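[1] Make a model of this:
(one chain, ligands or ions: 1)
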Amino acid sequence: MNYSQYYPIDVVNGPGTRATLFVSGCSHQCKGCYNQATWSPNSGHPFTDLMEDQLINDLNDTRIKKRGLSLSGGDPLHPENLDAVLHLVERVKAECDGKDIWLWSGYLLSELNDKQRQVVDLVDVLIDGKYEQDQADPSLEWRGSANQIVHYLK
Ligand code: SF4
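    Numbers count the residues shown, from 1 in each chain. Below you'll find the predicted structure:
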């Protein structure tokens, strides 16, 4: 998997202070997408084992307490990202006590395949659905357009 941006301290993408990873790879091609540079799974930088260890350490760093991890993109549930994202969320749940996971995806909760479900089963909050420009509303919390739904799964 590749990623486009990583913020070890972020107060914008989800509630509280978080670590946020924007992965590469998205096939939804939403009109008006702000992250077109992330569409190719080959864009950005390799998400290495070292990088994964760093992210786990950042989440557990008590000097600036984090509420959890935000996963966005791109699409963390893009087929080419599933192995790496599943490995990452499994580690967060096993090694980062009490941290929540928020995940943004263009896929609908109702249409996930088994592997995508495996990931989402470990996620606390899923914001699903493509960005629909004609339903865009900057006043919405945690989502860009009104068709998207914030699913509190835990
Ligand atoms: S799902 Fe997100 S990253 Fe993918 S095309 Fe739509 S707005 Fe862009």
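[2] can you give me phi and psi for residue 84?
    With angles defined as degrees, to the nearest 10, residue 84 sits at phi -70, psi -40.
[3] what's the burial count for it?
    Residue neighbour count, defined by other Cβ atoms under 10 Å, stands at 17 for residue 84. For the C-beta atoms, the positions are set from N, CA and C on the backbone; glycine is no exception.
[4] In contact with the spatially closest residue to it that is not a sequence neighbour, which residues?
    Ranked by Cβ to Cβ, 6 or more residues apart in numbering and with sequence neighbours excluded, the top spatial neighbour of residue 84 is residue 1, at 3.6 Å. Residue 1 sits next to 23-25, 41, 46-47, 80-81, 83-85 when contact means Cβ atoms under 8 Å, 6 or more residues apart in numbering.
[5] With secondary structure as extra columns, can I get those in a markdown table?
    Listed next are the contacts of residue 1 as a markdown table, based on DSSP: H, G, I helix; E, B strand; the rest coil:
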| residue | secondary structure |
| --- | --- |
| 23 | strand |
| 24 | coil |
| 25 | coil |
| 41 | coil |
| 46 | strand |
| 47 | coil |
| 80 | helix |
| 81 | helix |
| 83 | helix |
| 84 | helix |
| 85 | helix |
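[6] buried subset of these?
    The neighbour count (16 or more other Cβ atoms under 10 Å) marks 23-25, 41, 47, 80-81, 84-85 as buried among those.
[7] Provide the backbone phi and psi angles at residue 21.
    The phi/psi pair for residue 21 (degrees, to the nearest 10) is phi -120, psi 120.
[8] Report the distance from stretch 138-154 to the chain centre.
    13 Å (Cα atoms, centre = their mean, to the nearest Å).
[9] just the helices in this protein please.
    Secondary structure of the chain, counting by DSSP state H: helices at 49-60, 82-95, 114-120.
[10] buried set for the strand ranked longest in the chain?
    Ranked by residue count and defined by DSSP state E, the top strand of the chain is strand 2-10. Across strand 2-10, burial judged by 16+ other Cβ under 10 Å covers 2-6, 8, 10.
[11] how about those in CSV, adding pLDDT and distance to the ligand?
    Converted to CSV, the buried residues of strand 2-10 look like this (pLDDT from 0 to 100; distance: Cβ to the nearest ligand atom, whole Å):
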residue, pLDDT, distance to the ligand
2, 98, 14
3, 98, 13
4, 98, 10
5, 98, 12
6, 98, 16
8, 98, 22
10, 98, 17
